[in-house]
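K.L.:
attaching a predicted model along with its sequence, questions to come.
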Protein chains: 2
Amino acid sequence: MSTKPRGMDGVNGWRELSARTIFLHQAIADHLGLNITDHKCLDIVLTHGPMTAGRLAEDSALTTGAITGVVDRLEKKGFVRRVADPHDRRKTMIEAVPESLAEIEQIFARLAQKTAEITARYSEVERAAIDDFAHRGATMIDAFVRELRSKSS
Amino acid sequence: MSTKPRGMDGVNGWRELSARTIFLHQAIADHLGLNITDHKCLDIVLTHGPMTAGRLAEDSALTTGAITGVVDRLEKKGFVRRVADPHDRRKTMIEAVPESLAEIEQIFARLAQKTAEITARYSEVERAAIDDFAHRGATMIDAFVRELRSKSS
DNA sequence: GAAATATATCTTAGATACTAAGAATTATAC
DNA sequence: GTATAATTCTTAGTATCTAAGATATATTTC
């Protein structure tokens, strides 16, 4: 007997949603003309705000050498820029270029709108539960990822 | 002024959760000794059940040439096997090797358990809303991804 | 049923992006 | 001021992707 399709076991819809999320990020990256790594790094910079190249390397789990390439490409396309840190000239701060973000913002705005259309179906209490679940889920995954990494061979 | 951190705009927790999901998949892949592409493809095979190499190429948005490499590596590591389709000998069915999946199943079981711990906090009605949101969200993302791809340059 | 066309996967060549190690620059400690 | 540390970049080697075409099998047409 071959493996049964999963997806409906355990906690039902979440696994399905999480699989689609992967494809969504891929599709957004394609649409912006970025590879998946560069898009992930841009997303980290957008979420975190200006940060050093080294911090970006840590957060993305890439080497600093790889980050040099990532930032080169993102800078060439105008999404981020390098800014020298005046207090420590070894450091390079990476920051998003606001003028370049219109297309990304538009994508996320449309996503937010479509999500809002879905949540409009629910009561106040239900919406709060969904939001709470997302927060707790994010925290749980954070811990889980750290656990996985610590046990890594 | 630089770009504000996002994450709390629109529909609050979901964007946060979705960002962590990306890291989770990366961490699981690392833990299994797979690259992210191979892990994604394995996940597709597990979710979908046995499928042809060509179908896997479509679903993963890779070329058939890339899939040859993916399946070679997954097969070498014992996660999947190629089985000739008796009805059409051009086709190669890719199927998971059940005996190899203990570690993956364990990871997902632990994730499911931790998710269950979270959902235990909620009422029946709230749980239903969370589940419903996940399903509708998955469907919405599906449509969104197709829309993005169709508008691609 | 033979030839032409279509389909499915694999192979190859070239491009891209990663890691690991170390170089170059700047900061900190003694 | 010299030694050590920290930060980013560079380089060499490797892995994996795409695009194009080769190979094998199936289907259609005559």
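P.N.:
It's in.
K.L.:
residues contacting A:Asp142?
P.N.:
B:Arg20 (Cβ atoms under 8 Å, 6 or more residues apart in numbering or on different chains). (C-beta placed from N, C-alpha, C; glycine too.)
K.L.:
and it, what pLDDT?
P.N.:
You'll see A:Asp142 listed with a pLDDT of 93.
K.L.:
repeat that for the one 5 residues further on.
P.N.:
At A:Glu147, the pLDDT value in this model is 91.
K.L.:
so it, which of the three states?
P.N.:
Three-state call for A:Glu147 (DSSP: H, G, I helix; E, B strand; the rest coil): helix.
K.L.:
residues near it, how many?
P.N.:
12 (other Cβ atoms under 10 Å in any protein chain shown).
K.L.:
for DNA strand D, what are the nearby residues on chain A?
P.N.:
By the rule Cβ under 7 Å from any atom of the strand, the part of chain A lying against DNA strand D is A:52-55, A:57, A:63-65, A:67-68, A:71, A:82, A:88, A:90-92.
K.L.:
low pLDDT regions in chain A?
P.N.:
Low-confidence segments of chain A, defined by pLDDT under 70: A:1-12, A:152-153.
K.L.:
give me the neighbour count for A:Ile22.
P.N.:
Look at A:Ile22: counted by other Cβ under 10 Å, it has 20 neighbours.
K.L.:
give the closest residue to A:Leu34 in space, chain neighbours not counted.
P.N.:
A:Leu42 (6.9 Å; Cβ to Cβ, 6 or more residues apart in numbering or on different chains).
K.L.:
the one you found belongs to a strand, doesn't it?
P.N.:
No: counting by three-state DSSP, A:Leu42 is not found in a strand; it is helix.
K.L.:
for A:Glu95, phi and psi?
P.N.:
Per-residue torsions, A:Glu95: phi -140, psi 150 (degrees, to the nearest 10).
K.L.:
quick one: the closest residue to it other than its chain neighbours and A:Arg82, what's the gap?
P.N.:
In space, and not counting its chain neighbours, A:Glu95 is closest to A:Pro50: 3.9 Å by Cβ to Cβ, 6+ apart. Per Cβ to Cβ, to the nearest Å, A:Pro50 is found 11 Å from A:Arg82.
K.L.:
whichever of the residues of chain A next to DNA strand D end up buried, select them in PyMOL.
P.N.:
To isolate the buried members of the residues of chain A next to DNA strand D in PyMOL, using 16 or more other Cβ atoms under 10 Å in any protein chain shown:
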select buried, chain A and resi 52+53+55+57+67+71+92
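K.L.:
looking at the residues of chain A next to DNA strand D, which are in strands?
P.N.:
Judged by DSSP state E, the subset of those located in strands is A:52, A:82, A:92.
K.L.:
A:Ile36 touches A:His25, doesn't it?
P.N.:
Yes: assessed by Cβ atoms under 8 Å, A:Ile36 is found in contact with A:His25 at 6.9 Å.
K.L.:
please say which of these two ends up with more neighbours.
P.N.:
It is A:His25, of A:Ile36 and A:His25, that has more neighbours when counted by other Cβ under 10 Å, with 20 against 16.
K.L.:
contacting residues for that one?
P.N.:
A:36, A:39-40, A:43, B:18, B:22.
K.L.:
need the residues touching each of A:Pro50 and A:Arg82.
P.N.:
A:93-94.
K.L.:
hang on, the earlier thing: phi and psi next, for the residue nearest to A:Glu95.
P.N.:
Phi and psi for A:Pro50, reported as degrees, to the nearest 10, are phi -50, psi 140.
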